[in-house]
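Dropping the sequence and predicted coords here.
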Amino acid sequence: MRVFAVVLLLIAYLFSAQASNVDIEGLLNRADQLRSADFSAFEELMSEIEHNHDLMSLQQRHFYQYLKGYQNTFRGKVDEAISSYIQIENSNAPDELKLRSLGSLVNNYAIKRDFYMGAKAINRLLEKRKLVNNQQSIDRSSVVAGIFYNQALQFSLGLKIANQLLNRDISPRQTCFARQIKVESEFELATILSDYSYANQSVDYCKKHDENLVANVIVTFVGESLTNEGRIEESQQLLMAALEDTLNAKYPPLIGVHYALIANNNLLLNEPELASKNALLAYDSIQNFGNTKALVKSLEVLYKAAELQGQYRQTIEYLKRFNEADKAYLDDTKARGLAFQQAQYEKQEQDNTIILLDKQNALLTTQAQLSQEQSQNNRLALALALSLLVVLFGWIYRSRKIQRQLRKMAETDELTGISNRHYFNNRADKLLKQAKQQNQPVSFVLFDLDHFKKVNDNFGHQTGDWALRRAVIEAKLVCRKVDVIGRMGGEEFAILLPGCDVNKALDVAELCRRAIEKIDTRETDHNFRITASFGVSETLTCGYNLDKLFAGADAALYCSKDSGRNRVYPFNSQQMELESNTNFSQ
């Protein structure tokens, strides 16, 4: 989300005036200069320019349409901005303006969280760079690529681009963006910055060159890194000192990130009232920008702060919203990577097809040239045909192999090797339809590893990953081949049991609970206990509807947790009535 603030500044940065009429050119140049510094003044100039639309040359109109795209982006009209940039790309505008238009198009797709279309636009941008001679424009497109790679979670690529830019003689503004990409990439790859002095120097550098918004983005990475290192008070002091500058920027996504970090520090400093206040400010700023990391953090702080203040009703409400947002964020994170990889695969497949067509054309040309030589021509044609077949079959084999790998990535949870939530839901829906037609019972088991966050906090994420994999292994040993097991997100798992009534499902869940409880953790060189809480629902009470089965098992799971955890609870009609009353009261 912090990167979106940089996206808007970057879009502003991509423009340069291209006018022929002196007066119109002056207005366009002035609007270009004020875009990121004073948006209100920029809008006044755009209104004045629009009144003189009939006086513009064709190229000035292209450039005005480009500026209009930025105005629409800042106003939140992303679809209109995208339409403007696509029109410029397909027009007779100069290649340099088309290159900048593609850069803005990439950033708008990122704001819209359409990383598949963004990656395809990146591929077109890299091709268009070959037609442009202006090194400054090429460097600008590199900045675009670096920011997009970070947004698509390809942080190693983002860091590579940043280092390449910083090793060249580029403008101060380009340097500021490159420094921000570098700091973000290094933070996201390690969660802790290795060089605070470089980050602080980058903040000073950007402020010196009036890039205050980018400077404040870097400040948030420094603040979060200090928190992750346990330097809470130092982080809070830094964030509070920069808060006024962030608020003056009037950009909600960055404001939300800033308040979410402050609220988290309040919580760690045992200031629940301040934590709630700042978390609500964060939530209000970013609730309309999708399921972001900052939104998840604000909801997490809200439910924990409410719990510390004894506000248990609010605790339950915020906890449910946090769980929903956290799962959605995890799904979105995985979707970004898959979308980027899919676009790159299609580009590679397209390149392979072009290579193959070139070889076919070369073969046809060679055959025509050798048509006069009978015996030697036949032997050569046969050899060339065989070579083409080898290339063709090799390409087909490689394409199918990549397709299988992508299909597996789309269906499987990378850590545990079981179905991910999307594929689990598809399989479960099909099995429920079959069971309904055959009037067969189906049960649904939902379980959650108890106090799993403490495992990560006390022993590290590698140990936590080991615990998740071992829990899945034990669950699979208990299940039958026809049962479907999937990871719902984080430490939450689900099992669909076709042909099982609730009593059999309770037995399966109990066996699974005991198996997980007996896991020997000494293999990790740490001594800790793994337990899980289970909720069980069935079609007899919930019907053949996956959402209702999930809701029933989730309600039973909450009962298990409320009763002390490490238990198995079935869903019953009383819980259904309680859920209905709770929803009605809310």
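Perfect, thanks for sending it.

contacts, neighbours, all on C-alpha from now
Noted.

Next, give phi and psi for S533.
phi -110, psi 140 (degrees, to the nearest 10).

For this structure, spot the helix or strand the model is least confident about on average.
Every helix and strand of the chain was ranked by mean pLDDT, DSSP states H and E. The lowest is helix 573-585, at a mean of 45.

ok, now which ones touch V222?
Listed by C-alpha atoms under 8 Å, 6 or more residues apart in numbering, the contact partners of V222 are 193, 196, 199, 235.

Name the helix or strand for it, please.
helix 212-228 (DSSP states H and E).

Show me which positions of that helix end up buried.
In terms of neighbour count (16 or more other C-alpha atoms under 10 Å), helix 212-228 has its buried residues at 212-227.

same check, this time on stretch 254-272
254-268, 271-272.

Stretch 460-475: how far from the chain's middle?
24 Å (C-alpha atoms, centre = their mean, to the nearest Å).

And stretch 97-117, by the same measure?
Its chain's C-alpha centre and that of stretch 97-117 lie 16 Å apart, by C-alpha atoms, centre = their mean.

I'd like the average pLDDT over it.
Average pLDDT, stretch 97-117: 85.

CA atoms only for that stretch - export them in PDB, please.
Output of stretch 97-117 as PDB, limited to C-alpha atoms (Å, rounded to 0.1, in the frame of the first residue of the first chain):
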ATOM      1  CA  LEU A  97       5.200   9.600 -25.200                       C
ATOM      2  CA  LYS A  98       3.900   6.100 -25.800                       C
ATOM      3  CA  LEU A  99       6.700   4.700 -23.500                       C
ATOM      4  CA  ARG A 100       5.700   7.100 -20.700                       C
ATOM      5  CA  SER A 101       2.100   6.100 -21.300                       C
ATOM      6  CA  LEU A 102       2.900   2.500 -20.900                       C
ATOM      7  CA  GLY A 103       4.700   3.300 -17.600                       C
ATOM      8  CA  SER A 104       1.600   5.000 -16.300                       C
ATOM      9  CA  LEU A 105      -0.500   2.200 -17.500                       C
ATOM     10  CA  VAL A 106       1.600  -0.300 -15.600                       C
ATOM     11  CA  ASN A 107       1.200   1.700 -12.400                       C
ATOM     12  CA  ASN A 108      -2.600   2.100 -12.800                       C
ATOM     13  CA  TYR A 109      -2.900  -1.700 -13.200                       C
ATOM     14  CA  ALA A 110      -0.900  -2.000 -10.000                       C
ATOM     15  CA  ILE A 111      -3.300   0.400  -8.200                       C
ATOM     16  CA  LYS A 112      -6.200  -1.700  -9.500                       C
ATOM     17  CA  ARG A 113      -4.400  -4.800  -8.300                       C
ATOM     18  CA  ASP A 114      -4.600  -6.400 -11.800                       C
ATOM     19  CA  PHE A 115      -1.000  -7.700 -11.800                       C
ATOM     20  CA  TYR A 116      -1.600 -10.000 -14.800                       C
ATOM     21  CA  MET A 117      -2.500  -7.000 -17.100                       C
END
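
wouldn't F187 be in contact with L226 here?
No - with contact defined as C-alpha atoms under 8 Å, F187 does not count as touching L226 (10.9 Å).

circling back to that earlier point, quick one: which two of the buried residues of helix 212-228 are the most distant?
Taking C-alpha to C-alpha, the two most distant members of those are N212 and T227; they sit 22.5 Å apart.

Let's verify F424: helix, strand, or coil?
Here F424 takes the helix state, with states given by DSSP: H, G, I helix; E, B strand; the rest coil.

Give me the neighbour count for Q437.
For Q437, the neighbour count with other C-alpha atoms under 10 Å is 8.

okay, it: pLDDT?
Here the pLDDT value assigned to Q437 is 94.

can you give me phi and psi for it?
phi -60, psi -30.

Next one: it from A505, what distance?
From Q437 across to A505, the span is 21 Å (C-alpha to C-alpha, to the nearest Å).

Validate this expectation: S537 resides in a strand.
Yes - membership of S537 in a strand is supported by three-state DSSP.

Look at it and say how many residues are nearby.
Neighbour count for S537, taken as other C-alpha under 10 Å: 32.

Pairing-wise in the sheet, spell out the partners of it.
On the basis of DSSP bridges, S537 is bridged to F444.

tell me the contacts of it?
Each residue near S537 by C-alpha under 8 Å, 6+ apart is listed here: 443-445, 502, 549-550, 552-553, 556, 570-572.

How about T191, nearest residue that isn't a chain neighbour?
S225 (6.4 Å; C-alpha to C-alpha, 6 or more residues apart in numbering).

Verify the stated contact: the one you found with S194.
No - if you go by C-alpha under 8 Å, S225 and S194 don't touch, sitting 9.4 Å apart.

sorry, back to before: looking at the contacts of S537, spot the one nearest A242.
Nearest to A242 among the contacts of S537: F550, at 44.0 Å, using C-alpha to C-alpha.

Please tell me how far the closest one sits from A505.
Taken as C-alpha to C-alpha, the span from F550 to A505 is 14 Å.

ranges for the helices of the stretch 151-300 of the chain?
Secondary structure of the stretch 151-300 of the chain (DSSP state H, counting those that start in this stretch): helices located at 155-166, 172-190, 196-208, 212-228, 232-249, 252-268, 272-286, 293-308.

would you turn the ones you listed into JSON lines with distance to L432 and mean pLDDT?
Below are the helices of the stretch 151-300 of the chain laid out as JSON lines (distance: least, C-alpha to C-alpha, whole Å; pLDDT from 0 to 100):
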{"stretch": "helix 155-166", "distance to L432": "41", "mean pLDDT": "90"}
{"stretch": "helix 172-190", "distance to L432": "41", "mean pLDDT": "90"}
{"stretch": "helix 196-208", "distance to L432": "54", "mean pLDDT": "92"}
{"stretch": "helix 212-228", "distance to L432": "44", "mean pLDDT": "92"}
{"stretch": "helix 232-249", "distance to L432": "50", "mean pLDDT": "92"}
{"stretch": "helix 252-268", "distance to L432": "41", "mean pLDDT": "93"}
{"stretch": "helix 272-286", "distance to L432": "38", "mean pLDDT": "92"}
{"stretch": "helix 293-308", "distance to L432": "32", "mean pLDDT": "91"}
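
Need the winner for burial among those helices.
For the helices of the stretch 151-300 of the chain, the largest average neighbour count (mean count of other C-alpha atoms under 10 Å) is found in helix 252-268, namely a mean of 26.

In terms of secondary structure, what does that helix contact?
Helix 252-268 is packed against helix 2-13, helix 212-228, helix 232-249, helix 272-286, helix 293-308, with contacts defined by 3 or more C-alpha pairs under 8 Å, 6 or more residues apart in numbering; DSSP states H and E.
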